[in-house]
Every structure is written in structure tokens, then in C-alpha cells.
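K.L.:
here is my input; please provide its structure:
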Amino acid sequence: MCENLISILLPDLRGGGAERVNIDLAHEFVRAGHTVEFVLMQARGELLEEARDSFSVVDLATPRARAVPLALARYLRRRRPDALLAAMWPLTVIAPVARRLSGHRCKVLVSEHNTMSVQYADWGRLHRVAMRASMAVGYPLADCRVGVSLGVVKDISGLSGLRPEAFDVIHNPVPPRPEPPARSMEDAEALWAAPKGARIVTVGSMKAQKNHPLLLRAFARIDRPDARLMFVGDGDGRDALLSLARDLGVANRVILAGFHPDPTPFYKTADLFALSSDYEGFGNVIVEAMACGTPVVSTDCPSGPGEILEEGRYGRLVPVGDAGAMAHAIGASLEDRVPAEQLQNRAAEFSPKRAAAAYLEQIG
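P.N.:
Numbering: from 1, shown residues only. Presented below is the predicted three-dimensional model:
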């Protein structure tokens with residue numbers, strides 16, 4: 001395959017799952033002999049400097065989506081990439097339109113990373129109508145359409161009116177992380193401030209989707225004074241979470257570790273990983289935890305966890321919003337753990353090399 005310029009279009013490079021996925025894919029594209037350039041609505045976010053260390057980054061300086069089509073069309077005329085990969089609506093419907101406006105012929109692949117019928121459920125009827133209409137118009141103009149899980153494909157198929165066969169499922173890549181430096185492991189140990197045995201960790205932005213209050217309520221039901229719950233991540237929900245921990249009487253056993261680009265030391269020093277989300281497009285953090293040999297408990301939310309854990313084969317699944325079921329599953333998992341080797345073998349099936357090859361096959 002000849003060298004191509006692959007442009008990756010994102011809103012920004014905040015520390016989220018879709019952003020991490022695209023950086024990991026970019027590294028694999030480069031290893032395969034291609035050049036990668038990130039094109040951002042706004043050049044900001046926790047992962048921005050990491051991306052700049054390895055790739056060219058273009059700032060469209062367009063905080064509003066309505067300004068993106070013309071700015072992106074100008075970029076396409078100037079840089080003339082061979083392929084444009086756009087992630088996350090509305091960029092996934094803007095990118096094919098911008099290509100038409102630019103007059104530049106390149107492959108356009110769009111990928112959705114969440115179950116948007118749930119993500120935007122509270123945004124009102126007009127927003128939903130606009131979203132569905134934009135998908136119905138924009139998706140057919142793309143050369144390739146990808147959902148990161150079967151559940152995501154079913155969701156966007158229903159929203160757009162396109163047949164499920166019009167989309168491909170490419171699971172998110174989750175790279176094996178290098179062994180953390182001894183200092184990082186020591187820092188993680190120090191944050192736990194408690195012996196191993198009942199250390200529970202969750203990783204993710206503190207936003208409503210993750211339903212961290214549910215996990216906190218479940219934790220408060222666990223009758224183990226030695227248990228500790230660590231939140232690795234940050235966001236607008238931090239203060240409310242801390243307030244709830246005080247109200248539940250568990251603040252002295254809850255650790256807010258903040259955002260860390262590589263949470264591996266926290267997975268490795270934990271006894272259990274828990275995900276309490278109301279919905280997920282895929283659930284990279286589940287695979288990251290499994291790669292470290294850390295057992296998993298997750299809500300059986302749409303749409304990734306059940307696929308990753310094979311409906312409970314590799315970790316316990318509980319109903320969405322059920323704190324009691326979550327507490328019971330956490331207690332049971334601390335006592336009866338899936339073997340680390342089995343978890344690691346499953347995690348290896350989501351390698352970046354495999355995912356990147358699937359994307360490259362799509363764009364040709």
C-alpha cells in the first residue's frame with residue numbers, strides 16, 4: 001500500500017475514550033507507512049500535547065459546528081488528504097458535506113462512538129429531529145460508516161434510517177500499556193493508603209453518562225470497612241460526587257485521584273474495576289482493566305460492555321441504575337475472581353493493529 005495522508009477530524013483532544021482511540025489508531029497508521037494529521041475544531045484538551053509530540057495538529061478554530069463545513073472545506077482544498085476520518089456526530093455528517101464543498105476527492109470514513117439515542121435523549125424533540133435528518137443526509141455521502149460496537153450500529157441505523165448493512169462494526173483498539181515505572185506504581189500505592197483486598201477503581205470523566213453516584217451508592221452498601229473506592233478522572237461532577245460521599249458517610253474511604261493520561265498503575269494496584277455507566281459506545285476502560293488482569297463489574301448498558309465481557313463470561317454484568325445489584329456483584333467479584341490470564345487473553349483480541357488494519361481496509 002502506498003503512503004497516504006490521513007486526516008483525523010475531532011472536536012478537540014480532551015481526555016475521553018474516542019480521542020484516545022484515534023491517537024492509538026494514528027500510531028498504527030504511521031507504523032503501516034502513512035502520514036497522519038489531526039484536524040480539530042479547537043486545539044485544546046488533555047491529550048493535545050501528546051498528539052503534538054507525534055503528529056501535525058491543525059486548529060480550525062471553530063467553536064461552533066455551523067462554522068466547520070467551510071473551514072474544513074478550505075483545509076481539504078489546501079492539504080488534499082487521501083482520506084478523512086471523522087469521529088463523533090455532528091462531525092460525522094459535516095465531513096462528507098465539506099468534501100463536496102471543497103471539490104477535493106478523498107475517501108471519507110465516519111465513525112460513531114456512542115449510542116446517541118441515549119446520549120441525546122434529554123435534548124428535546126427538535127434536536128432529535130435535526131440529528132436524524134442530518135444523519136439521513138450526511139451518512140450516505142460518506143464512503144464508509146463505522147460503529148464501534150454492534151449496539152452502536154443498531155442505534156445509528158435506527159436514527160438515520162439506513163440499513164444496518166450500510167455500517168461496519170470495528171471494535172475500539174485498546175493498546176497494551178508498557179509496564180509502569182516503579183515510581184508511578186509507588187505513587188498509586190500511596191494514594192490507596194490501604195492494603196490490597198478490597199480496592200475498587202473506576203476510570204472515566206466525571207459526567208452524567210458515567211453515573212458515578214450509582215457506584216458511590218453501591219460502594220456505601222458494601223459491608224467491608226477495609227474497602228476503598230478510587231475515581232480516576234475529572235470533570236464537572238467532581239464536587240457533587242464528593243458531597244454525596246460525605247452524605248453517605250464514606251468520604252474517608254473514597255479517593256478522587258484526578259485525571260491521569262495512563263491509568264495503568266491504578267488498574268494494576270486495584271482488586272476490581274467497576275463501570276457504572278448508563279450507556280457506552282464501547283467501553284475501552286473495561287479492556288484496559290482486563291489487560292492488567294483486573295476483574296471487572298459493569299452495568300449491562302448499551303452497548304459495549306456486554307459484547308466485551310461476552311454477556312458475563314469475562315466479568316459480572318448488572319442492570320443499569322441498580323445500586324443493590326452493583327454492590328452484590330462487587331462483593332461477589334472480590335471473593336471469586338476471573339483468572340488474570342483469561343482476562344488478559346480476551347483483552348488481546350482488541351489490539352490496535354487489528355483495528356487499524358480494518359480501518360485501512362475500508363479506506364483502501
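K.L.:
so what's the backbone phi/psi at the closest residue in space to D226 that isn't next to it in sequence?
P.N.:
Spatial nearest neighbour of D226, excluding adjacent residues (C-beta to C-beta, 6 or more residues apart in numbering): A198 at 5.2 Å. Where C-beta positions appear, they are placed from N, C-alpha and C, glycine not excepted. The phi/psi pair for A198 (degrees, to the nearest 10) reads phi -150, psi 40.
K.L.:
can you tell me how far A198 is from S303?
P.N.:
30 Å (C-beta to C-beta, to the nearest Å).
K.L.:
same check on V57?
P.N.:
Remark: distance between V57 and S303 (C-beta to C-beta) = 31 Å.
K.L.:
these two: which is more packed in?
P.N.:
S303 (23 against 16; other C-beta atoms under 10 Å).
K.L.:
hey, what's the more buried one bridged with?
P.N.:
Using DSSP bridges, the beta-bridge partners of S303 come out as E280.
K.L.:
that one touches L150, doesn't it?
P.N.:
Yes: using C-beta atoms under 8 Å, S303 is in contact with L150, at 6.9 Å.
K.L.:
between the two, which contacts overlap?
P.N.:
Counting by C-beta atoms under 8 Å, 6 or more residues apart in numbering, no residue touches both S303 and L150.
K.L.:
please parse this structure into its domains.
P.N.:
5-170, 182-349 (automatic domain parsing).
K.L.:
do a quick rundown of the strands in the stretch 51-200 of the chain.
P.N.:
56-59, 83-87, 107-112, 144-147, 168-169, 199-203 (DSSP state E, counting those that start in this stretch).
K.L.:
so which of the ones you listed is nearest V21?
P.N.:
Taking C-beta to C-beta, strand 83-87 is the member of the strands of the stretch 51-200 of the chain nearest to V21, at 7.8 Å.
K.L.:
quick one: the closest one to strand 107-112, angle?
P.N.:
Comparing the axes of strand 83-87 and strand 107-112 via axes from the mean of the first three to the mean of the last three C-alpha atoms, to 10 degrees yields an angle of 10 degrees.
K.L.:
how about low-confidence regions in the stretch 151-300 of the chain?
P.N.:
Across the stretch 151-300 of the chain, no stretch falls below the confidence threshold (pLDDT under 70).
K.L.:
what segments of the stretch 151-300 of the chain are helices?
P.N.:
All helices of the stretch 151-300 of the chain, identified by DSSP state H, counting those that start in this stretch, fall at 182-192, 212-221, 238-248, 264-269, 284-291.
K.L.:
with the stretch 1-150 of the chain instead?
P.N.:
Here the stretch 1-150 of the chain has its helices, by DSSP H, counting those that start in this stretch, at 17-31, 48-54, 68-79, 91-102, 116-119, 125-138, 150-160.
K.L.:
what would these look like in CSV with distance to I308 and mean neighbour count?
P.N.:
Formatted as CSV, those follow (distance: least, C-beta to C-beta, whole Å; neighbours: other C-beta atoms under 10 Å):
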stretch, distance to I308, mean neighbour count
helix 17-31, 13, 21
helix 48-54, 25, 15
helix 68-79, 32, 18
helix 91-102, 23, 21
helix 116-119, 18, 20
helix 125-138, 26, 15
helix 150-160, 11, 21
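K.L.:
which one of those helices lies closest to C144?
P.N.:
Evaluated over those, closeness to C144 peaks at helix 91-102, with 10.5 Å, by C-beta to C-beta.
K.L.:
what's in contact with the closest one?
P.N.:
Helix 91-102 has contacts (C-beta under 8 Å, 6+ apart) with 9-11, 41, 65, 68-70, 72-74, 76-77, 84, 86, 105-106, 108, 110-112, 134-135, 137-139, 141-142.
K.L.:
and what of stretch 33-52?
P.N.:
So stretch 33-52 is contacted by 1, 3-15, 19-20, 22-23, 26, 29-30, 55-63, 65, 68, 72, 75, 79, 81, 91, 259, 261, 360 (C-beta under 8 Å, 6+ apart).
K.L.:
now it, how far from the chain's geometric center?
P.N.:
Remark: stretch 33-52 is offset 16 Å from the chain centroid, using C-alpha atoms, centre = their mean, to the nearest Å.
K.L.:
buried set for that stretch?
P.N.:
Across stretch 33-52, burial judged by 16 or more other C-beta atoms under 10 Å covers 34-43, 45-48, 50-51.
K.L.:
what's next to stretch 116-130, contact-wise?
P.N.:
Contacts of stretch 116-130 (C-beta under 8 Å, 6+ apart): W89, M131, D155, I156, G158, L159, Q209, D278, Y279, P302.
K.L.:
next, the distance between the ends of it.
P.N.:
End-to-end distance for stretch 116-130: 13 Å, by C-alpha to C-alpha, to the nearest Å.
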